[in-house]
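Participant: next comes the sequence, and after it the predicted model I'd like to discuss.
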Amino acid sequence: MSISSDKPKTVSILISTYNWPEALERCVQTVWSQDRLPDEILIADDGSKEPTKRLIERLKQESPVPIVHVWHPDEGFRLSVIRNKAIAIASSEYIIQIDGDILLDPHFIKDHLSLVEPNYFLCGSRVWVSKEQSQELLEQKSTIKVQRHKFPLPFILNSLRSGILSRFLADRYKKNKPRILRGCNMSFWKKDLLAVNGYNEAIQGWGSEDAELAFRLMNTGVKKRFLKFAAVAYHLYHKENNKENLPENDKILEDTITTKKVWAKEGIVKQ
């Protein structure tokens, strides 16, 4: 695999959040600790209450890069909608997408950018962190200090970083499993997202929104590249989301796959 020199000049990091200001603050702190800072931080807020708003106003004053707070009223789980609103106003040509309960290794952004090429999107994995370790990480400041020996073996492997291995596996790992991806660790050229009209807002509630977007991108010829042993991200413990809408969301996903759909009718541009 050859790595193109055609890299984005600007990058936004898009953080989705909902009513967990303690995790969001810690997440943003790990963005500030990156060895390659983003050009802006977009916080896609799915209707959080006043404590999150107050936190973000304070973070704006402390941040070394601009923070843009994109908010809409709480009308249920509308992650696709709020992400689309953030994507639409992103000022950078490249967007790295995470969740507000994710803590980043200091090389996270650099690792994404190392594998960027035109006509590719990237997806990585995450390390599930136990309830006890999550509390420890929340109480730390600045960069994260993890105790890998406490992780189950699969998560120890997910927490390791190797430039040689990541480049070797980028177009090989899970090559025949296009559904394997994590919306909490993905990145895209903005122009590619606009070409498919962003997320499908017909998907409501938890589940399938990231895979459905990925298949529409692949239907246009944009290829998936996997970040393994790179872009390490730690997922803080929380209770599982309500999955009652998943069967309906999966139907939308299957239709996109079967019909090779490209454009989301209910997306960034409303028809």
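Facilitator: Sure thing, it's come through.
Participant: with adjacent residues omitted, what lies nearest to Arg191?
Facilitator: If you look again at residue 191, you'll see it is Lys, not Arg. Glu93 (7.2 Å; CB to CB, 6 or more residues apart in numbering). In short, each C-beta sits where N, CA and C put it, glycine included.
Participant: does the one you found touch Lys9 like I think?
Facilitator: Yes - the criterion here is CB atoms under 8 Å, and Glu93 meets it with Lys9 at 6.6 Å.
Participant: so between those two, which is more surrounded?
Facilitator: The neighbour count for Glu93 versus Lys9, taken as other CB atoms under 10 Å, is higher for Glu93 (15 against 8).
Participant: so who does the more buried one touch?
Facilitator: Shown in contact with Glu93 (CB atoms under 8 Å, 6 or more residues apart in numbering): 8-11, 189-191.
Participant: report the buried members of these.
Facilitator: 8, 11, 189-190 (16 or more other CB atoms under 10 Å).
Participant: from the residues you listed, which land in helices?
Facilitator: Counting by DSSP state H, the buried ones among the contacts of Glu93 place Lys190 in helices.
Participant: now do the buried residues in stretch 87-96.
Facilitator: Buried, per 16+ other CB under 10 Å, within stretch 87-96: 87, 90, 92, 94-96.
Participant: near the nearest residue to Ser33 once chain neighbours are set aside, how many other residues are there?
Facilitator: Spatial nearest neighbour of Ser33, chain neighbours left out: Thr143 (4.6 Å); criterion: CB to CB, 6+ apart. Thr143 has 14 neighbouring residues, counting by other CB under 10 Å.
Participant: where does the stretch 101-250 of the chain dip in pLDDT?
Facilitator: Filtered on pLDDT under 70, the stretch 101-250 of the chain yields the residue ranges 142, 148-149, 152-155, 241-242.
Participant: give the contact list for Glu248.
Facilitator: Gln204.
Participant: gap between it and Leu14?
Facilitator: 25 Å (CB to CB, to the nearest Å).
Participant: check Lys260 too.
Facilitator: 27 Å.
Participant: which of the two has more neighbours?
Facilitator: Leu14 (26 against 11).
Participant: what sits up against the helix or strand where that one lies?
Facilitator: Counting by DSSP states H and E, the element that carries Leu14 is strand 11-17. Outside strand 11-17, the residues within contact range by CB under 8 Å, 6+ apart are 23-24, 27-28, 31, 38-46, 48, 52, 79, 82-83, 86-87, 90-100, 109, 112-113.
Participant: buried ones among those residues?
Facilitator: With neighbours counted using 16+ other CB under 10 Å, the contacts of strand 11-17 contain these buried positions: 23-24, 27-28, 31, 38-46, 48, 52, 79, 82-83, 86-87, 90, 92, 94-100, 109, 112-113.
Participant: so which strand or helix has Arg58?
Facilitator: Here Arg58 is assigned to helix 50-62, by DSSP H and E.
Participant: tell me the average confidence for that helix?
Facilitator: Summarised as a single mean, pLDDT over helix 50-62 is 98.
Participant: and it, what does it pack onto?
Facilitator: helix 21-32, strand 40-45, strand 67-71 (3 or more CB pairs under 8 Å, 6 or more residues apart in numbering; DSSP states H and E).
Participant: rerun that using 7 Å as the cut-off
Facilitator: Applying 3 or more CB pairs under 7 Å, 6 or more residues apart in numbering; DSSP states H and E, we find helix 50-62 packed against helix 21-32, strand 67-71.
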